[in-house]
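Q: 3D model of this:
(2 chains)
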Amino acid sequence: MVQETVMHPFSKYLRQAMIPHIWCAGCGNGIVLNSFIHALDELQRDLDKMVVVSGIGCIGRAAGYTHADSFHTTHGRAIAFATGVKLANPELDVVVMSGDGDLFAIGGNHFIHAARRNIGIKVICANNFNYGMTGGQQGPTTPLGGFTTTTPDSNIEHPFNLVHLAAASGATYVARWTTLHVRRLTQSIKKLLQKEGFGFIEVISPCPDIFGRRNKMRTALDMMDWFKRASVVENFSDPSKAEISQEKLIVGEFVNVEKVSYEKFLHEKISHINEQAMKW
Amino acid sequence: MNGDIACAEGAVAAGCRFFAGYPITPATEIAEHLSERMPEFGGIYIQMEDEIASMAAVIGASYTGLKSMTATSGPGFSLMQENIGLAVMTETPCVVVDIMRGGPSTGQPTLPGQQDVMQAKWGSHGDYGIIALSPSSVQEMFDLTVEAFNLSETYRVPTMLMGDEVVGHMWEKVVIPSPAEMRIVNRKKPHVAPDKYRPFMPEDDLVPPMACFGEGYRFHATGLTHDEHGYPKTQSSEVQTKLVRRLCDKIGRNADRIVKVEEVMLNDADVAVVAYGIVARSALSAVRKARQSGIKAGLLRLITLWPFPEGYVAKAADQAKAIVVPEMNCGQMVREVERVAKGKPVAFLSKLGEDPHTPSEILDLIKRCA
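A: A predicted model of the protein is given here:
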């Protein structure tokens, strides 16, 4: 009997040779990647013209799982690398997928400057509140009072509010969702990919095995239950007031504005200089 | 023009179309000049937020198909080291210019040094090969920048131009050849269909052909230990051994094709001076004066620092009774000279914190060794 092989309709978006993925059961990264792929499919994006870049960390492997050109950089440097790619060929869709520690601790400087310059790269951050890959250390998004392997007596550092930081740095699109908001996240990624300038989406992502179990959310369901119980959609509310707490988790689109991208300015300048030179 | 500007012009001539950097003395003029020149050729100039970002952007642009460069000095060179390792691991053609000043740390921003030459070879973690060149004149700041691009494109390896504050800032006449007179090398491209392409599968010269982003090859590259497909293989001693040995061997086994030196009056030399960079200019003058006073002295000028010109140094050591090595550091390349000099006496002349050695300082040591 000949067995028929049925391919998943989205398998063309994944680099089969690198699957299965390395993520733990209950991890939200698969949902983030799934929403990204749905957005690509709905937009019918040409993967030959897409570069997915990541730094180091669990979600950092997503670049390799996507069947586009992809690059797994050093820790924290995905945005700086992506800047080189986008400027060298502005026709390419350049997406950075990385984690909260990679993008906002070791890579924080690159994030604010890429947003300030308004380079047309699109950043999707899976925020799991800790360093999952190295076993659960405190990071720049760990909640005050949260428990990690390096804050055994609870965290005394204030976390970044990522959407506030992105908005203040000049991002033209800023949104926050959780992995519970799959459809909204997918629609939001579609909007992100269509922006000319720098855009940013924070996805609150469950990390039950590493973060949740130390913070009274031992299973993925416990974490998703928190997202369900506490999430409030407040579109275009003040990002500085977008709190993340056990009681309230404000999600939504915070910024969606148009601003000329750096690369557009740059290539206009190059054209102008060359037109002037022709006149001579 | 000055050496920094000659370097910038060399980059333009070599086909460099992407520069990312961060201001630092005494290399800033390279960035300033390229901010003006790059747009004239449709190229990109960007000032990044630091040298870490500059190096990362250079790798990104190179992978997108543009010949790419950054320029810095000691402190910035230190910051670039991790991503230089990434460029080595992902076999990224790119040029890193280090206009050396006195260190460590902030050191002496306006004075020359040769204190980064070991950092050029060993600055990033892990085992690997790179290429480093040492210009002695403003003309060579132009010529060797072109050569650095050609070598980086040929071997898919970061190539360092190790200038110093004096060659960077001094003014000399430069002859810029016409494009037809210049040898320009571009990286080799894959000649298979995208589904057959293995981005890290080397050819006989140990260098893999390089596709670029957006050409439809849809490949993956990573700083992790990877197989010929570019897929991470972090638990395999076989993959790690094969990859790291090749990264070393593609430079080591091609050393004869890479290495360049200048030999002056070495054939009958009793005292061989081994020098590089601006110091080699004083050394040449000292050698000539020694000959005038009847001492058979000769000069071996290292144009290539890495891979180390072992064969040439060994040959000079065979002939000479003594070797003199002047350097603007506490003794870096002299260790390599001692390693291959097979027991011949090696006299080291260190100079720190001021102008390069004078010819008479080197001449005194030649006389004492003769």
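Q: and the residue of the stretch 1-150 of chain A found nearest chain B, how many residues sit next to it?
A: Of all residues in the stretch 1-150 of chain A, the one sitting closest to chain B is A:G84 (2.7 Å; C-beta to the nearest C-beta). Yep, even glycine has a C-beta here, placed from its N, CA and C like the rest. By other C-beta atoms under 10 Å in any protein chain shown, the residues close to A:G84 number 31.
Q: right, and it touches B:S54 too?
A: No - contact criterion C-beta atoms under 8 Å: A:G84 and B:S54 do not qualify, at 9.2 Å.
Q: okay, and the common contacts of those two?
A: Residues touching both A:G84 and B:S54 (C-beta atoms under 8 Å, 6 or more residues apart in numbering or on different chains): B:A20.
Q: what's the spacing between the residue in the stretch 51-200 of chain B positioned nearest to chain A and A:F200?
A: Closest residue of the stretch 51-200 of chain B to chain A, C-beta to the nearest C-beta: B:G60 (2.7 Å). Counting by C-beta to C-beta, to the nearest Å, the gap from B:G60 to A:F200 is 19 Å.
Q: ok, and the closest non-adjacent residue to A:N256?
A: Leaving out its chain neighbours, the residue that sits closest to A:N256 by C-beta to C-beta, 6 or more residues apart in numbering or on different chains is A:Y173, at 5.4 Å.
Q: do the helix or strand B:A6 falls within and chain A meet?
A: In this structure, B:A6 sits in helix B:3-14 according to DSSP states H and E. No - Helix B:3-14 does not reach chain A (C-beta under 8 Å from any C-beta of the partner chain); its nearest approach is 14.1 Å.
Q: other SSEs contacting that helix?
A: On a contact count with 3 or more C-beta pairs under 8 Å, 6 or more residues apart in numbering or on different chains; DSSP states H and E, helix B:3-14 meets helix B:28-40, strand B:67-72, strand B:94-102, helix B:138-155, strand B:158-164, helix B:165-169.
Q: quick one: the helix or strand hosting B:S54 to chain centroid distance?
A: Following DSSP H and E, the helix or strand that holds B:S54 is helix B:51-63. Here helix B:51-63 is found 17 Å from its chain centre; the criterion is C-alpha atoms, centre = their mean, to the nearest Å.
Q: show me where the chain has strands.
A: Because you didn't say which chain, this covers chain A. With DSSP state E as the criterion, chain A has strands at A:50-54, A:69-72, A:93-99, A:122-127, A:173-178, A:199-204, A:231-233, A:249-256.
Q: wait, chain B was what I had in mind.
A: Using DSSP E, strands in chain B cover B:16-21, B:44-47, B:67-72, B:94-102, B:108-112, B:131-133, B:158-164, B:220-222, B:261-264, B:271-275, B:297-302, B:304-306, B:322-327, B:346-350.
Q: the first one near chain A anywhere?
A: When you say that, I think you mean strand B:16-21. Yes - using C-beta under 8 Å from any C-beta, strand B:16-21 reaches chain A at B:18, B:20.
Q: from the contact counts, what lies against that strand?
A: helix A:78-88, helix B:28-40, strand B:44-47, helix B:51-63, strand B:67-72.
Q: apply 6 Å and report the result again.
A: Here strand B:16-21 touches helix B:28-40, strand B:44-47, helix B:51-63, strand B:67-72, going by 3 or more C-beta pairs under 6 Å, 6 or more residues apart in numbering or on different chains; DSSP states H and E.
Q: need the ones you listed in a markdown table (columns: mean pLDDT and mean neighbour count).
A: Below are these laid out as a markdown table (pLDDT from 0 to 100; neighbours: other C-beta atoms under 10 Å in any protein chain shown):
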| stretch | mean pLDDT | mean neighbour count |
| --- | --- | --- |
| helix B:28-40 | 97 | 20 |
| strand B:44-47 | 98 | 21 |
| helix B:51-63 | 98 | 30 |
| strand B:67-72 | 98 | 30 |
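Q: what's the neighbour count on the closest residue to B:S105 other than its chain neighbours?
A: Excluding the flanking residues, the one nearest B:S105 by C-beta to C-beta, 6+ apart is B:P75, at 7.1 Å. Residues lying near B:P75 (other C-beta under 10 Å) number 18.
Q: residues from the stretch 51-200 of chain B in reach of chain A?
A: B:53, B:56-57, B:59-61, B:64, B:66, B:82-83, B:86 (C-beta under 6 Å from any C-beta of the partner chain).
Q: please repeat the previous calculation with a cut-off of 8 Å.
A: B:52-54, B:56-66, B:68, B:82-83, B:85-86, B:90.
Q: quick one, helices of chain A?
A: Shown for chain A, the helices assigned by DSSP state H span residues A:29-43, A:62-65, A:78-88, A:100-101, A:108-117, A:162-169, A:182-193, A:220-230, A:262-279.
Q: chain center to the last one: distance?
A: Remark: helix A:262-279 is offset 32 Å from the chain centroid, using C-alpha atoms, centre = their mean.
Q: what do you get for stretch B:301-312?
A: 11 Å.
Q: list the buried residues for that stretch?
A: B:301-309, B:312 (16 or more other C-beta atoms under 10 Å in any protein chain shown).
Q: in contact with the residue nearest the centre of chain A, which residues?
A: For chain A, the residue nearest the mean C-alpha position is A:I124 (1.5 Å; C-alpha atoms, centre = their mean). Contacts for A:I124 (C-beta under 8 Å, 6+ apart) come out as A:32, A:36, A:95-98, A:189, A:192, A:200-201, A:203.
Q: ok so, going back, nearest to B:E238 among the buried residues of stretch B:301-312?
A: B:P307 (25.9 Å; C-beta to C-beta).
Q: is it true that the closest one touches B:V259?
A: Yes - in this structure B:P307 lies within contact range of B:V259 using C-beta under 8 Å: 6.2 Å.
Q: can I assume A:W177 is in contact with A:I204?
A: Yes - with contact defined as C-beta under 8 Å, A:W177 counts as touching A:I204 (7.2 Å).
Q: list residues touching both of these two?
A: A:V251.
Q: what mean pLDDT does stretch A:33-48 get?
A: For stretch A:33-48, mean pLDDT is 97.
Q: and the residue nearest to B:P345 when sequence neighbours are not counted, what is it in contact with?
A: Once flanking residues are discounted, B:P345 sits nearest to B:A322: 4.8 Å by C-beta to C-beta, 6+ apart. With contacts defined as C-beta under 8 Å, 6+ apart, B:A322 is in contact with B:270-272, B:344-347, B:369-370.
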